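Novice: Pasting a predicted model and its sequence here:
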Amino acid sequence: AEQQRRFDELIAADERIEPRDWMPAGYRKTLIRQIAQHAHSEIIGMQPEANWITRAPSLKRKAILLAKVQDEAGHGLYLYGAAETLGVERAELMDLLHTGRQKYSSIFNYPTLTWADMGAIGWLVDGAAIVNQVPLCRCSYGPYARAMVRICKEESFHQRQGFEILYTLSRGTEAQGEMLQDAVNRWWWPSLMMFGPPDDESPNSAQSMAWGIKRHSNDDLRQRFVDMTVPQAEVLGVTLPDPELKYDDGHWRYGPIDWAEFAAVLKGRGPCNRQRIEHRRKAHEDGAWVREAATAYADKQTARSQRGAA
Amino acid sequence: AEQQRRFDELIAADERIEPRDWMPAGYRKTLIRQIAQHAHSEIIGMQPEANWITRAPSLKRKAILLAKVQDEAGHGLYLYGAAETLGVERAELMDLLHTGRQKYSSIFNYPTLTWADMGAIGWLVDGAAIVNQVPLCRCSYGPYARAMVRICKEESFHQRQGFEILYTLSRGTEAQGEMLQDAVNRWWWPSLMMFGPPDDESPNSAQSMAWGIKRHSNDDLRQRFVDMTVPQAEVLGVTLPDPELKYDDGHWRYGPIDWAEFAAVLKGRGPCNRQRIEHRRKAHEDGAWVREAATAYADKQTARSQRGAA
Amino acid sequence: RADLARYVTSLGDDALIHAQRLAEWIASAPELEEDVALGNIALDQLGQARLLLSYAGDVEGAGRNEDDLAFFRDERKFLNLQLVELTNGDFAVTIAKLLLVSSYQLELYRRLSSSTDEMLSAIAAKATKEVAYHRDHATQWTLRLGDGTEFSHQQMQTALERVWPYLEEMFDDSWIPATLLESGVAVPVSELRPAFTQYVTTVIRQATLTSPEVPSIPTGGRRGIHTEAMGFLLAEMQHLARSHPGATW
Amino acid sequence: RADLARYVTSLGDDALIHAQRLAEWIASAPELEEDVALGNIALDQLGQARLLLSYAGDVEGAGRNEDDLAFFRDERKFLNLQLVELTNGDFAVTIAKLLLVSSYQLELYRRLSSSTDEMLSAIAAKATKEVAYHRDHATQWTLRLGDGTEFSHQQMQTALERVWPYLEEMFDDSWIPATLLESGVAVPVSELRPAFTQYVTTVIRQATLTSPEVPSIPTGGRRGIHTEAMGFLLAEMQHLARSHPGATW
């Protein structure tokens, strides 16, 4: 009870909870699940972009894309690290991912079909991620908040690069222009779904808000993203695939979202769910003997140095 | 002795030896080796051409190339069939190939680097093969001779198609012209080597000639090929990569052949020896469970029909 | 005309991409007889693709020939079923694909043999005989693998599960222009389903296998939405032709 | 000038093609740390390639930039060592390639840091630091795999045997224009061999492995003769760029 009061005080004062601090079991569990899911999303999210590295149309773009995907691996590492401060192993979390018991962001279950998708992912998907994540930089759990500060910085860099890819296409040939519009058509709605179900169907949100893990409601964040993005679409000269989109009272109001699609993808029936998990699992299984070798070698080295010291 | 006389008479009369006929052990052994080697060459020879099927530059060429490689599989089947009439199993022969104990034509240890190689193989490699093989249509062993009749017909079709590929390139763009010349530069000498070592270093030839398996010496066949090919090169407008090539007394005289290269490739140190055998072996091993399933199914079917008949 | 061109292109793309995948087997098949057989099937499919795409180009009237359509269209303009573009996987997956594709094509071409479009009906009549052989070949192998060894049984069952999510797309009528259906040029693919299902399930049962109960996934090949495997297939197929625009081969 | 352009292009192609192969690992590495590490190495190699190819284009003076050289040259014009273009194989093969390539590049770049060509010497000086890290990374993994488990030992030994036939080509001086050697612009690669061999054999021994005794095979990357894997690599790499000639990205 004393511990709970101390915890509540820290939360109320908007201070950070640190790994050594006591925390309620539910808080810990919620955080582990959220951070793991976030880490998994970084890792699975590498695939749709890695898909185009070998085919990038210029060496500069190849380098930028390669660096971006590599950053995502890095984000995965920070986040698994943050989760580990809560007393759970990375290997355990990855196992939960590989066996489908933990999820990752559904957006990565859509395929990347053209080069313009590299731009659309940067602009829309990273854009939505940033809107989601910026408030997490003030999350009540210290290690997560600090990881997010670093991640958000890199994400906004990625988002600008994505926009730049699209901007270049928008100034390019007719075929490039078509590619651009097509990518925006395909990624717009899934990006809006990234903010999760509407507020009235988002059961866990209230508790997360109370704990200072979540700071804004799904719909608020979604609206913020739309308001931010529509003017950028104008700069690109693309049409957003929503005939109901209109400006009203300081906000861009959007049409109804196809939540049935969202639910289907979430349940595993997206275009790439199976592919993404199988790819991940194969990389993990193919690498098992390598990890074992590294462990065996490290053990031998330890034994040697102990013999040396003795 | 009676049998030997009968055999010698048939050979002397230029008649065909058939599977049921008695034949000397050496004759049988020589034939098995030669036919098997020939069959292996057809099978391994599929690889350098299959390499370009998925990349053929027009659908018509894709179809022609696919049909050609398929014909080679068919030739392999006839030839293994002919070898089987001598009392040896196909599986046994393939095992000799896969373990490197029997050879195939060294020409297939060179890589196919451009589309023009599809033409050069047809024109030069198939051209050389035909010069080698036409006399085999009169080979003393009946099943081999008959297989060769069918094969030669298809080969000369392939040779014309190869020439046509090159002819089209010769009438094409500058880049196509370069591709053509480059391919001819790379394939010319290896084609000449296809006839085997010079006569004074070809130890087994005399016995094969006496047995009516071989009809002409290596050098004679090589000269015939060169005489046939030089005028065709003129039609294509390509330079053959031999500065010593000159017309003399009814024949085109060629410069010295690099027999050291020939020997190296024969000994396994060609650019693709390892690749070709590994590819072959992998296809065979990957297919093992399929062949086993087919056998198991056939056995079950037999058992079922026997039960049905009983 | 644009509707007809698009319709014929879709069927041509099915055959072309299927041929391209089958051709990858040549020189890698489990036995020589199978190199020959898969080669034959690939050649038939390629032949159908050439007739269909040539005709599509004629109908379109923009002067594009079969090669323009095969080599100079981008991925989003290819209208084939996603099923045909899937990577080959092992032999069982290839057979599972072939069983579904040939069973579908057989029903489709049979019906199209009496299309009111004469050219289409002629192409379909020829193709019907070919795909009957393809279906027979796939059937024989499904039986051998399904009712062969324990291992092959498992492989074949897994293979069916892998391809099954791509089945639904075959019988979706929504992409077929109503005018073509009304005029009797095109066939409502939904009507092919009973005969298809009856044949395929019979073969599967006879092969001691079970029809998978896996949900279908959103596809969209007829709208030019492909799997991530497609881009690599096209890069390989088109690279040389695109490297020499306007050249003759 | 043509000699220099060709020389610099060769080095640039080594880095470019090596980067392309390494990049295939991203999202497929044995552990996340290795996705990051191989990504770093690929980025370094790509960076070197860009500097070298840009410079080669400048020297050539025909207005070609790095992208023209990377995306619009045909296979026979690529001058990289065959070693870098070999398919990745398993992780051990990748490490074996990296060990040889980085050991070679380290000796080469070190020497080129005092090239009489200022630009080349500047690029080489920067690259030396990078490839020292690459060599270290390859060394660590060679030790771990060689002296790890029985299985990893066998894999690593097999991997060394697979890449060894492509070693000879690295130290062949015959393709380097004599003028460049005389003027101190280029380095006679044969002179790099002792240091290379000493380093590599020491690592191999320390990793409880043995230096393979397999014969080298005729290669010829410096003359634009490649393995059959190269065409597929280029088709994938170049397809998009070639599909939109003249476009800006």
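Specialist: Cool, the structure landed. Numbers count the residues shown, from 1 in each chain, chains lettered A, B, ... in the order given.
Novice: Quick check: nearest residue in space to the closest residue to chain C within chain A, chain neighbours excluded?
Specialist: Minimum separation of chain A from chain C (Cβ to the nearest Cβ) falls at residue A:111, amounting to 4.8 Å. In short, each C-beta sits where N, CA and C put it, glycine included. Leaving aside its chain neighbours, residue A:111 sits nearest to residue C:228 (4.8 Å; criterion: Cβ to Cβ, 6 or more residues apart in numbering or on different chains).
Novice: now do residue C:124
Specialist: With sequence-adjacent residues excluded and distances taken as Cβ to Cβ, 6+ apart, residue C:124 is closest to residue C:112, at 3.6 Å.
Novice: again with residue A:84
Specialist: That would be residue A:90: by Cβ to Cβ, 6+ apart, it lies 6.3 Å from residue A:84.
Novice: how deep is that neighbour tucked in, by neighbour count?
Specialist: 18 (other Cβ atoms under 10 Å in any protein chain shown).
Novice: these two touch, right, it and residue A:82?
Specialist: No. Residue A:90 is beyond contact range of residue A:82, at 10.7 Å (criterion: Cβ atoms under 8 Å).
Novice: Next, work out how far apart the residue nearest to residue A:111 and chain B are.
Specialist: 18 Å (Cβ to the nearest Cβ, to the nearest Å).
Novice: For chain A, give me its nearest residue in chain C.
Specialist: Chain C approaches chain A most closely through residue C:228 (4.8 Å), counting by Cβ to the nearest Cβ.
Novice: hang on, that residue packs against residue A:272?
Specialist: Yes. Using Cβ under 8 Å, residue C:228 is in contact with residue A:272, at 7.2 Å.
Novice: between these two, what contacts are shared?
Specialist: A:48, A:111 (Cβ atoms under 8 Å, 6 or more residues apart in numbering or on different chains).
Novice: Just want to know which of the two has more residues nearby.
Specialist: residue A:272 (21 against 18).
Novice: what does chain C put close to chain A?
Specialist: Residues of chain C lying close to chain A by Cβ under 8 Å from any Cβ of the partner chain are C:74-76, C:165, C:215-219, C:225-228, C:230-231, C:235.
Novice: ok, which stretches of chain C are helices?
Specialist: C:2-23, C:32-60, C:66-71, C:82-85, C:91-112, C:118-146, C:150-163, C:178-182, C:193-206, C:228-243 (DSSP state H).
Novice: Mean pLDDT and distance to residue B:1 added to those, as CSV?
Specialist: Output for those, formatted as CSV (pLDDT from 0 to 100; distance: least, Cβ to Cβ, whole Å):
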stretch, mean pLDDT, distance to residue B:1
helix C:2-23, 97, 56
helix C:32-60, 98, 41
helix C:66-71, 98, 67
helix C:82-85, 98, 66
helix C:91-112, 98, 53
helix C:118-146, 98, 51
helix C:150-163, 98, 53
helix C:178-182, 96, 81
helix C:193-206, 98, 60
helix C:228-243, 98, 63
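Novice: now these as TSV including distance to residue D:39?
Specialist: Output for the helices of chain C, formatted as TSV (distance: least, Cβ to Cβ, whole Å):
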stretch	distance to residue D:39
helix C:2-23	31
helix C:32-60	38
helix C:66-71	34
helix C:82-85	29
helix C:91-112	31
helix C:118-146	41
helix C:150-163	31
helix C:178-182	50
helix C:193-206	45
helix C:228-243	20
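Novice: Next secondary structure after the one helix or strand residue A:229 maps to?
Specialist: Using DSSP states H and E, residue A:229 falls within helix A:218-236. Elements were assigned by DSSP H and E; along the chain past helix A:218-236, the next helix or strand is strand A:246-248.
Novice: Tell me the strands beside that next one, with direction?
Specialist: With DSSP bridges as the test, strand A:246-248 is paired with strand A:251-253 (antiparallel).
Novice: For the closest residue to residue C:81 other than its chain neighbours, give me its contacts.
Specialist: Here the nearest residue to residue C:81 in space, its sequence neighbours aside, is residue C:221; by Cβ to Cβ, 6+ apart that works out to 4.6 Å. Residue C:221 is in contact with C:78-83, C:85, C:169, counting by Cβ under 8 Å, 6+ apart.
Novice: Buried members of those into ChimeraX, please.
Specialist: In ChimeraX, this line selects whichever of the contacts of residue C:221 come out buried by 16 or more other Cβ atoms under 10 Å in any protein chain shown:
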select /C:78,79,80,81,82,83,85,169
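Novice: Quick one: mean pLDDT over the helix holding residue A:229.
Specialist: For helix A:218-236, mean pLDDT is 97.
Novice: List the buried residues for it?
Specialist: A:218, A:221-226, A:229-230, A:232-233, A:236.
Novice: Export these as a markdown table, with columns for distance to chain D.
Specialist: Shown next, in a markdown table, are the buried residues of helix A:218-236 (distance: Cβ to the nearest Cβ, whole Å):
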| residue | distance to chain D |
| --- | --- |
| A:218 | 29 |
| A:221 | 28 |
| A:222 | 29 |
| A:223 | 33 |
| A:224 | 30 |
| A:225 | 26 |
| A:226 | 28 |
| A:229 | 23 |
| A:230 | 26 |
| A:232 | 20 |
| A:233 | 20 |
| A:236 | 15 |
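Novice: closest to chain B among these?
Specialist: Nearest member of those to chain B, counting by Cβ to the nearest Cβ, is residue A:236, at 35.8 Å.
Novice: ok, residue C:65 - how many residues close by?
Specialist: By the criterion of other Cβ under 10 Å, residue C:65 has 15 neighbours.
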